[in-house]
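Trainee: need the 3D shape of this:
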Amino acid sequence: MSDAGPALRTYHGSCHCGAIRFEVDTVIDRVTRCNCSVCAKKGVLHHRVPPDRFRLLSGEADLSTYRFGTRVAMHHFCARCGIHPFTRPRSAPELYTVNVRCLDDYDVEGEKPEVFEFDGRNFEREVGKLR
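Mentor: Model (predicted):
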C-alpha cells in the first residue's frame, strides 16, 4: 500500500468565451472562499497550484490583469468575456490560484471539496491561516 496520497489529475479550464484556456495538474480536495471585496463580488473558489502544474494553453493576448490595494495580487481575467479564471495571489504570488468554477471537467457541487472560509477582509490578521 502506498502513502503517496491521491494521484494528480489534469483538469482543463477556460473563460466563458473560450479565448483563455489552461490546464492544471492537481488534487482538488480543498478550495478557498475569500470574502475580500474583489473575491466576494466575483464568487471565486480558489485552489492553489505551483507554476510547474499550471499551463496557459491559449489566450495570452486576451488576458488582462486587475490589481488593487497593495498591487501584489494579479487578478487575471479575459478581456473579451470578463471571466476570472486564475490569480497570482497576494498571500503567495509565486503560486497560481485557479478558479475551480472555471474548470470544464470539475463539478464542485458533485465533488464536494473541503471549503476553507478565508477572512480576506482582515487579510493581515488572517493570512497565516492559509496553506
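Trainee: where does this protein dip in pLDDT?
Mentor: The model of the chain has pLDDT under 70 over residues 1-4, 130-131.
Trainee: distance of the most centrally placed residue in it from residue 81?
Mentor: In the chain, the residue lying closest to the centroid (Cα atoms, centre = their mean) is residue 98, at 2.0 Å. Taking Cβ to Cβ, to the nearest Å as the measure, residue 98 and residue 81 are separated by 17 Å. All C-beta spots, glycine's among them, are computed from the backbone N, C-alpha and C.
Trainee: hang on, the earlier thing: residues in contact with the residue nearest to the centre of the chain?
Mentor: 11, 13, 22, 24, 46, 47, 49, 54, 85, 86 (Cβ atoms under 8 Å, 6 or more residues apart in numbering).
Trainee: which of these fall in helices?
Mentor: In helices, judged by DSSP state H, none of the contacts of residue 98 are found.
Trainee: in PDB, list the C-alpha atoms belonging to stretch 33-44.
Mentor: Taking Å, rounded to 0.1, in the frame of the first residue of the first chain, the C-alpha atoms of stretch 33-44 are listed here in PDB:
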ATOM      1  CA  ARG A  33     -13.700  31.100  -0.500                       C
ATOM      2  CA  CYS A  34     -12.400  34.600   0.300                       C
ATOM      3  CA  ASN A  35     -14.700  37.400   1.500                       C
ATOM      4  CA  CYS A  36     -12.400  40.200   0.400                       C
ATOM      5  CA  SER A  37     -14.000  43.000  -1.700                       C
ATOM      6  CA  VAL A  38     -13.000  41.600  -5.000                       C
ATOM      7  CA  CYS A  39     -13.300  37.800  -4.500                       C
ATOM      8  CA  ALA A  40     -16.700  38.000  -2.900                       C
ATOM      9  CA  LYS A  41     -18.100  40.000  -5.800                       C
ATOM     10  CA  LYS A  42     -16.600  37.500  -8.300                       C
ATOM     11  CA  GLY A  43     -17.700  34.400  -6.400                       C
ATOM     12  CA  VAL A  44     -14.400  32.700  -6.900                       C
END
